[in-house]
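**Student:** With the sequence up front, the predicted model follows.
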There are 6 protein chains.
Amino acid sequence: MKKLVLTGAAGRLGSYLREPLSKMCEELVSTDLAEDIGKLYPGERYVAANLESLDAMVDLLAGADMVVHFGAIGDEAPFETLLGPNFIGAYNVWEAAYRNGVRRVVYASSIHAVGMHPKTDFIGTDAPHRPDTFYGLAKCFAEDLASMYWDKRQVEAVCLRILSCAQVTNPRAVGSWLSYDDLIQLVQRAIDTPVTGFSVIYGVSNNDRAPVDNAKAAFLGYRPKDNAEQFAEAVFAEAGPLDHQDPGNMCHGGPFASVELGNSGVATMNIVDDRKKT
Amino acid sequence: MKKLVLTGAAGRLGSYLREPLSKMCEELVSTDLAEDIGKLYPGERYVAANLESLDAMVDLLAGADMVVHFGAIGDEAPFETLLGPNFIGAYNVWEAAYRNGVRRVVYASSIHAVGMHPKTDFIGTDAPHRPDTFYGLAKCFAEDLASMYWDKRQVEAVCLRILSCAQVTNPRAVGSWLSYDDLIQLVQRAIDTPVTGFSVIYGVSNNDRAPVDNAKAAFLGYRPKDNAEQFAEAVFAEAGPLDHQDPGNMCHGGPFASVELGNSGVATMNIVDDRKKT
Amino acid sequence: MKKLVLTGAAGRLGSYLREPLSKMCEELVSTDLAEDIGKLYPGERYVAANLESLDAMVDLLAGADMVVHFGAIGDEAPFETLLGPNFIGAYNVWEAAYRNGVRRVVYASSIHAVGMHPKTDFIGTDAPHRPDTFYGLAKCFAEDLASMYWDKRQVEAVCLRILSCAQVTNPRAVGSWLSYDDLIQLVQRAIDTPVTGFSVIYGVSNNDRAPVDNAKAAFLGYRPKDNAEQFAEAVFAEAGPLDHQDPGNMCHGGPFASVELGNSGVATMNIVDDRKKT
Amino acid sequence: MKKLVLTGAAGRLGSYLREPLSKMCEELVSTDLAEDIGKLYPGERYVAANLESLDAMVDLLAGADMVVHFGAIGDEAPFETLLGPNFIGAYNVWEAAYRNGVRRVVYASSIHAVGMHPKTDFIGTDAPHRPDTFYGLAKCFAEDLASMYWDKRQVEAVCLRILSCAQVTNPRAVGSWLSYDDLIQLVQRAIDTPVTGFSVIYGVSNNDRAPVDNAKAAFLGYRPKDNAEQFAEAVFAEAGPLDHQDPGNMCHGGPFASVELGNSGVATMNIVDDRKKT
Amino acid sequence: MKKLVLTGAAGRLGSYLREPLSKMCEELVSTDLAEDIGKLYPGERYVAANLESLDAMVDLLAGADMVVHFGAIGDEAPFETLLGPNFIGAYNVWEAAYRNGVRRVVYASSIHAVGMHPKTDFIGTDAPHRPDTFYGLAKCFAEDLASMYWDKRQVEAVCLRILSCAQVTNPRAVGSWLSYDDLIQLVQRAIDTPVTGFSVIYGVSNNDRAPVDNAKAAFLGYRPKDNAEQFAEAVFAEAGPLDHQDPGNMCHGGPFASVELGNSGVATMNIVDDRKKT
Amino acid sequence: MKKLVLTGAAGRLGSYLREPLSKMCEELVSTDLAEDIGKLYPGERYVAANLESLDAMVDLLAGADMVVHFGAIGDEAPFETLLGPNFIGAYNVWEAAYRNGVRRVVYASSIHAVGMHPKTDFIGTDAPHRPDTFYGLAKCFAEDLASMYWDKRQVEAVCLRILSCAQVTNPRAVGSWLSYDDLIQLVQRAIDTPVTGFSVIYGVSNNDRAPVDNAKAAFLGYRPKDNAEQFAEAVFAEAGPLDHQDPGNMCHGGPFASVELGNSGVATMNIVDDRKKT
């Protein structure tokens, strides 16, 4: 692959992807709002750009083979706040991909697109949308947009419905954890699979208690290696009994399922950044 | 019912609903962009308002029991054009409903939310979204929003996926026709059903060739009476053989399935207004 | 058919079945706890008997071709109260049928075997059991018993999951009504269908709002004629808005879904006997 | 339509289709093995031809718009007997259709392609093949062939799985009857539907006890009018109780399900030709 | 966890659970009919009690967090024999749990609740009940009861449908084996999973030939380690060819599927107790 | 097992099965068209025979316990070419098995029976037939024949739908590879499973990207060990980007899905024989 574009490159997950992606292509163009993201990896180039500008996206994607779209506000927020980066930004990326003949968009979708389904339902990748927040609603929007750009304009898409890619500090995460290594494998397979059409896959590690079903995405060959069961005993002991009438405990979306719509701070309150320091 | 609000009251379908809705409540508040919509029905009041203004919507819905939301651009158009009325407008209606304690939103969704499914698939109301246009994408957005406002805020919704409510002038319409009388029944049942939660139902008449499945919405009791089969012979004869490699002939969305994204004029090109004149 | 046995013949529904059943066989043996049920129809014989006695049931079913089992306590009650007539009684009927080589049991099951399913789920006859009361639990028990006696002992069974066979006096009944005439047709088809194996079918009229799916029982040929939609407007007007957080309004079981387990009086509180007097 | 070809025109069903088909096209070419089929309808031409000859079929279909393929041995027989007319004959028809650019094959398939499914399964048009005889196996073969010619060569096909098109003289037929009028409607809809791709539909009347599910073929608009329930009482009375351990009574295929493979005479033993004489 | 109650503590499986359960709580109360069960594990207390006494169960469960209910007759027997311990006993346990505010019942259900399904059907945890014996019927009863106590009274339940927890001495067990270690893991996960609602899971080891599907119970995180394939060659060689017309060989229930109803001795005839002696 | 028959013993796959099969029985009778297949394994006997002769097959299978039927033309070819060996040959094998009381046929079916399904559909073993070639059509024919011989004549069958058993030299094979060792395991399990009825299973290794679902055949216990992921990087790099509008890249059948019907040479063009030389 010649040119790969990564949006959200300064974000928590995006910054972790920069190095592995830089090894999969001749040129990695990383982009985010920040002026600068410091030291670059071999083959990497950084371009500050705003997702809300279609022109900027069209410029950025010129000549790209694929785009890995992780740029967005990564938390629940009022609709008006998410409208620009999460909704319009997604449109801009796909439209720019189409105009440039980019083959495929690999998209950081989220479990929160289907977060109100009860956890006792082993939902597949074709479960109807059931967003738990405006944040999740934006993921639904982008997935539907992706479906349409494939059906109408032959832009491929792989939507990665990430569960929770952060340290395992609460009972839900024992099932929903996506390790950084498995995230990287997931993105790699979304890129190297020769033909994907429009596909959806859950981003979750090989946890004993993984609560979602990737069967229909089997051809992508994602085989996670890590397992959060190692954290179960300690985390359960600390948490104590949970209220089984709280949607936050009963639904796939976890705390997003019980938070008041538009209340930011949900995603961040439990995140402990445990990436290995290089 | 005390107060009912109808958006898009000056539109083709909206204007047809004014009279029957006025009979189902003490006060019908009709709204649209136009300054004036002429003669009013008994119990009807007209308020010009812009869907793109959340404040306007909040004012409009004060004290309402339900809102029938038909206001939007009724055709394919560039995303930027639809963003205000079709996307943000839908958000404004639901948010205003929530803030005012409105019980239910009855929403004019569309077959174009699932228009890329092949016509040989007898799709149910839980078929995954598969929009055929930006117009259809806006319907997907509003349906997902409706699902979330029910799950999180207990605002009920009935999404009416209308197939084609216009004169039967082409082969597709022999299956997809929704007569005006059946449209009225459909809206009435969406209103009078005591409890609906979040529901989706196809708006299609009792055509012999109706290509979609309303089984899962059976409790709404919609039983259409009209049948487009009366037009079949003439319409088929005039149309001649169809290209079975054209998505416009093979998919539920009809011409929207083959049109280039963003090209306005699709909806209107075949519409002949055949409403009975009062 | 030579001999047919009807249990629960003095009950509300059972007494209504006596005349039509007497016309389908040479001898109808009606049975119930009462000493006497008054005037008999031609070909009918009455035998007082207690379902809780296996010996009595074995005697009663000697030489019978089929048994129509409607005998049981027809309301929610403490488990201890239902154990004899509803649980043990069902066992006695099937065991007696088996010992006498009776071909088939037609059983008055109930929607309450699946009453906790949400009404927005269009449940089929193979929906998992989800009883709403001890009364419903007894129906589950008898259905499972019936399945086993067919699989192991070739006693056929048709389980009629009756929704609500009583006057339409509340919003739920607009969907759930089973008219007396349709009840009779249902029982007749359960009897005259040549081969049934173990089958389940919902007992509901041809209501516009009938909320359950009999597709899988199509071969039984039950085609109800009555439609409770005639009562909708008046009943809805009187009831006013319903609480959509009350399981009694959201679940198939209606008031049984919200009543405290074991509290008798649920079934009877809304029943108005509107049978045509002969 | 200019030219339509009917195979099996001298057969029981084929001969009944000649007149209605002759009215749907400018030229109907009827064909069968017989030298002559007597008086022709306006616009009809008869050509004796053998299905087993590919050349003959290629000649026959030259310039045809569609072919209605009813030619075959209409009964169970040894595999060696059916190989020519039912297997090779079907291949020849599709191959000839392809070589001549014929748009669509309307094919007389049969319930016997799925005849071993239990009658208590309400099988849809996508039930897996489960043939009951070599006769049924030939229908499976032709359906699969039809699927392939659509996928690979864009020859459309509508496979009509006829249940039993003959007088109602046995209990099974009360559910499985296809009246002649409904047969004609079925063939007409298979022809006049603008786009069909590869489709399967059951050929059964609107019997109360129709045991199969045409939902997935809804877009074809087949709405049968006749109902064998009128014959139920007399037929059931004469038949008496049926053995519920006999596959012939328990399976969709009826007597074909219990006959020894290869034993001819099954289809004809109960057929009473009750067509209205013209 | 403070207090855990184990019923059936003197039974074959129950006695094996005592030690591991005693380590999961401060106090384990073991109970059974026997006067005494010998040496106790640290933290364990033994109370002789009869499941058939509701009062005894209410006393026993006072202050308990959870109850592991393994007490019952462990074999097929006449209905009258099972009525007390297996049916009424189950009711008593759930009712006592409810009255004491116990959070969850972990229940030893059985494959025999669905034993008449053919083994070639890969049944999931939502397969309809299809009991093979009165023993299995009691399991159906308790599962339905459990569902109801969750829906109506918020008592959680995990129903463990154990296949065959005994030495592998026959061909069926090569697929159906549940090792003692895997049984312990299964019970532990049923206890430590923070929120379960009403759940069903099959109790089977990681056998190559495990014939049932636990996908829908994935969130419980049960990952068995043992595999009966090691025994396959020897067991198959000794058994020789099996009769494929015998339900005992074709159905999930094994010998229970072919035994005459009510005949005790089925379960025990093949059981070789191979627990590791401590 | 006393006697086992292997057809197609001189073919690429058949010749690889001879040794392992010879160890599973007292006598292995290998057969093919060739006069001679060289050195025999202990217990093996070779008999030249033509599948197209029913008499020859009846003689060959006399006294056999099972037959492993791998004989056929192993590539796409005109229908007329395949008719004898692939269609009639299959009939002859099953008919000969029936006449000789042979218990089971293990059949080399193929992914090409369902090759036109899109690769993004994770098809199960009950996916409807959708052949991609005449070669695949013959597999459909034999599977349906197998189903019928089980339902009507109690001849068991295991149909192995092999994906691609050859060296991994193209992107599709990274998902579809069946290693020789896994092929052997697959055949062994098809033979040693005590009771199979009529079963279908995909023949594919434990590839990360295996695109088909064997869940419904779980009871057969096939657990492949090899994984083509080791070849992915090199194969993908060499292949470069693939055309996502080519059915050969989008469908399970691979090149068979895009080849013109009847064009031989498809199977062989990519086959590199990489069996370990003994």
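**Tutor:** That came in fine, so what should we check first?
**Student:** can you map out the helices along the stretch 101-250 of chain A?
**Tutor:** Secondary structure of the stretch 101-250 of chain A (DSSP state H, counting those that start in this stretch): helices located at A:134-153, A:171-176, A:180-192, A:232-239, A:247-250.
**Student:** and F:Val174, which of those helices is closest to it?
**Tutor:** F:Val174 lies closest, by C-beta to C-beta, to one member of the helices of the stretch 101-250 of chain A: helix A:180-192, at 9.8 Å. No exception for glycine: its C-beta is placed from N, CA and C like everyone else's.
**Student:** And chain F, is the closest one touching that?
**Tutor:** Yes - Helix A:180-192 is in contact with chain F by C-beta under 8 Å from any C-beta of the partner chain, via A:Asp192.
**Student:** buried residues in that helix?
**Tutor:** Residues of helix A:180-192 classed as buried: A:Tyr180, A:Asp182, A:Leu183, A:Gln185, A:Leu186, A:Val187, A:Gln188, A:Arg189, A:Ala190, A:Ile191, A:Asp192 (neighbour count, 16 or more other C-beta atoms under 10 Å in any protein chain shown).
**Student:** Compute the inter-axis angle for that helix and helix F:232-239.
**Tutor:** 20 degrees (axes from the mean of the first three to the mean of the last three C-alpha atoms, to 10 degrees).
**Student:** quick one: contacts of helix A:180-192?
**Tutor:** The contact list for helix A:180-192, computed with C-beta atoms under 8 Å, 6 or more residues apart in numbering or on different chains, reads A:1, A:4, A:13, A:16-17, A:20-21, A:24, A:66, A:68, A:104, A:106, A:158, A:160, A:162, A:165, A:178, A:196, A:201, A:203-206, A:220-226, A:275-276, F:232-233, F:236.
**Student:** just the strands in chain A please.
**Tutor:** For chain A, the strands defined by DSSP state E occupy A:3-7, A:27-32, A:44-48, A:66-69, A:104-110, A:156-162, A:198-203.
**Student:** and the ones you listed as CSV, adding mean pLDDT?
**Tutor:** Shown next, in CSV, are the strands of chain A (pLDDT from 0 to 100):
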stretch, mean pLDDT
strand A:3-7, 98
strand A:27-32, 98
strand A:44-48, 98
strand A:66-69, 98
strand A:104-110, 98
strand A:156-162, 98
strand A:198-203, 98
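**Student:** Would you reformat those as CSV and include mean neighbour count and distance to chain B?
**Tutor:** CSV is the format used below for these (neighbours: other C-beta atoms under 10 Å in any protein chain shown; distance: least, C-beta to the nearest C-beta, whole Å):
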stretch, mean neighbour count, distance to chain B
strand A:3-7, 26, 18
strand A:27-32, 24, 21
strand A:44-48, 16, 24
strand A:66-69, 27, 17
strand A:104-110, 28, 13
strand A:156-162, 25, 12
strand A:198-203, 25, 9
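**Student:** Point out the most buried one among the helices of the stretch 101-250 of chain A.
**Tutor:** With neighbours defined as mean count of other C-beta atoms under 10 Å in any protein chain shown, these peak in mean count at helix A:171-176, which reaches a mean of 27.
**Student:** Tell me how far A:Ser205 lies from A:Val212.
**Tutor:** Using C-beta to C-beta, to the nearest Å, one gets 12 Å for the distance from A:Ser205 to A:Val212.
**Student:** Also A:Ala234?
**Tutor:** 24 Å.
**Student:** Please apply the same query to A:Met1.
**Tutor:** For A:Met1, the distance to A:Val212 - C-beta to C-beta - is 29 Å.
**Student:** again, but for A:Ala142
**Tutor:** Remark: distance between A:Ala142 and A:Val212 (C-beta to C-beta) = 19 Å.
**Student:** got it, and A:Met66?
**Tutor:** Taken as C-beta to C-beta, the span from A:Met66 to A:Val212 is 25 Å.
**Student:** repeat for A:Asn100
**Tutor:** To A:Val212, A:Asn100 is 33 Å away according to C-beta to C-beta.
**Student:** Compare those two and say which one has the larger neighbour count.
**Tutor:** A:Val212 (25 against 20; other C-beta atoms under 10 Å in any protein chain shown).
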